[in-house]
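1. Pasting the sequence and the predicted coordinates here, then a few questions.
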Amino acid sequence: MSSGIDLDAEALYASLLAGVRGLLGPDAVLVGIWSGGAWLAERLQRDCGLAGEPGVISSALHRDDFSRRGLTAGADHTRLPFEIEGRRIVLVDDVLYTGRTIRAAINELYDFGRPAGISLAVLVDRGGRELPIEASFAAATIALPEPQRLSLARDEAGRFSFEIR
């Protein structure tokens, strides 16, 4: 990483796991935002001992910058193997920045039903919010200059790391 920030994604994942366990209640399900959040939800599902698969949600069709970005690679990745109606959702993402991806993902969730409640768990909150969105749990909070981008990477063994560009 060239920014001078040293983030240990695996150590932060351990903290996220503990935080998500605290958010999970009866009838709660995990839904990860494509792609980094989906990777995290997949591993959290296994490490929390939850049956079945986590949901995956794409924010692409509800983004407010759709006209500028167009249809992105994750647009067709929404997969919800359970009912949303009346369920408690723990929405998982890798990096919380402006809040626009979270807003779009929540809009997509409501296309499938009305959840009883939604909690947000993120690996890193980097600040810079443009919308009133706040994580119920963040494993780390950092400050990055606006032009820098933080993204989660996953190797073939499933271990996480960060890329800062």
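-> That came in fine, so what should we check first? Since we're looking at a predicted model, the values are computed, not measured. Residues are numbered from 1 along each chain as shown.
2. Which stretches in the chain count as strands?
-> For the chain, strands defined by DSSP state E occupy the ranges 28-33, 55-57, 88-96, 117-125, 137-141, 150-154, 160-164.
3. Please produce TSV containing these, extended by mean pLDDT and distance to residue 8.
-> Every residue, glycine included, has its C-beta placed from N, CA and C. What follows is those, written out as TSV (pLDDT from 0 to 100; distance: least, C-beta to C-beta, whole Å):
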stretch	mean pLDDT	distance to residue 8
strand 28-33	98	21
strand 55-57	98	25
strand 88-96	98	14
strand 117-125	98	11
strand 137-141	97	9
strand 150-154	96	12
strand 160-164	95	9
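4. Looking at the ones you listed, spot the one closest to residue 80.
-> Within these, the stretch nearest residue 80 is strand 55-57; the backing value is 4.3 Å (C-beta to C-beta).
5. Need the contact partners of the closest one.
-> If you take C-beta atoms under 8 Å, 6 or more residues apart in numbering as the criterion, strand 55-57 is touched by 29-34, 38, 41, 77-82, 89, 91, 105, 108-109.
6. if you set the cut-off to 7 Å instead, what comes out?
-> Contact with strand 55-57 is made by 29-34, 38, 77-82, 105, 108-109, as judged by C-beta atoms under 7 Å, 6 or more residues apart in numbering.
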